[in-house]
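Trainee: please work out how this folds:
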Amino acid sequence: MKSLMINFWMQPVWILAQAESAENAAPAADGSATGAPASSLIEMILANPLNLILVSGVLFILLVLRPQQKQMKEHQKRLGDLKKNDRVVTSGGIHGTVVQANSGESVVVIRIDDSSGARLTINRDAIANIVAEEKKEQS
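Mentor: Numbering: from 1, shown residues only. Have a look, this model is predicted:
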């Protein structure tokens, strides 16, 4: 069983060694070196299932995780820049206007009703979105 595992792990190295030895073979009559074409080398590398898993992992990181991390950093920056009269939506779906937001504190006071002046104190992390003010066109 151990020799089978060694052969399984050493297979890509052996295939690459064969490809390199084919490239270092005797040159053709016109002086140009002959060897395996690049497409067959790529096919040999991708034939191993471990290489396919590695390639798919790299693609997952590049296509999913990196954009998500950038989005989270932008959201944290916007939460840190909260100021009075910003319109926000909480993760529970409550819409309100920021009344008090100190940069050092982890809580924010929002007004949820203009007529009665009802206010809520919420955690800064509970803010899901900061609503951008629509710029009114001046006539």
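Trainee: wait, is V89 part of a strand?
Mentor: Yes: residue assignment for V89, taken from DSSP: H, G, I helix; E, B strand; the rest coil, places it within a strand.
Trainee: partners of it in the sheet?
Mentor: Applying DSSP bridges to V89 yields these beta-bridge partners: H95, N129.
Trainee: point out where the protein drops to low pLDDT.
Mentor: Applying pLDDT under 70 to the predicted model, the residue ranges of the chain that meet it are 1-37, 133-139.
Trainee: those strands in it, which residues are they?
Mentor: Under the criterion DSSP state E, the chain carries strands at the ranges 87-90, 95-100, 107-111, 119-123, 127-131.
Trainee: between strand 107-111 and the longest one, find me the angle.
Mentor: Right, strand 95-100. Taking axes from the mean of the first three to the mean of the last three Cα atoms, to 10 degrees, strand 95-100 and strand 107-111 form an angle of 120 degrees between their directions.
Trainee: how about R78: what's its closest non-neighbour residue?
Mentor: With Cβ to Cβ, 6 or more residues apart in numbering as the measure, I130 is the residue that lies nearest to R78, at 5.4 Å, once sequence neighbours are left out. Where you see a C-beta, it was placed from the backbone N, CA and C, and this is true even at glycine.
Trainee: could you verify my assumption that that neighbour touches R87?
Mentor: Yes: in this structure I130 lies within contact range of R87 using Cβ atoms under 8 Å: 7.3 Å.
Trainee: quick one: N85 and G96 touch, right?
Mentor: No: N85 is not in contact with G96 according to Cβ under 8 Å; the separation is 11.0 Å.
Trainee: residues contacting the nearest residue to V108 once chain neighbours are set aside?
Mentor: Counting by Cβ to Cβ, 6+ apart, A101 is the residue found nearest to V108 once chain neighbours are left out, at 4.7 Å. For A101, the contact set (Cβ atoms under 8 Å, 6 or more residues apart in numbering) comprises L82, K83, K84, D86, V108, V109, R124.
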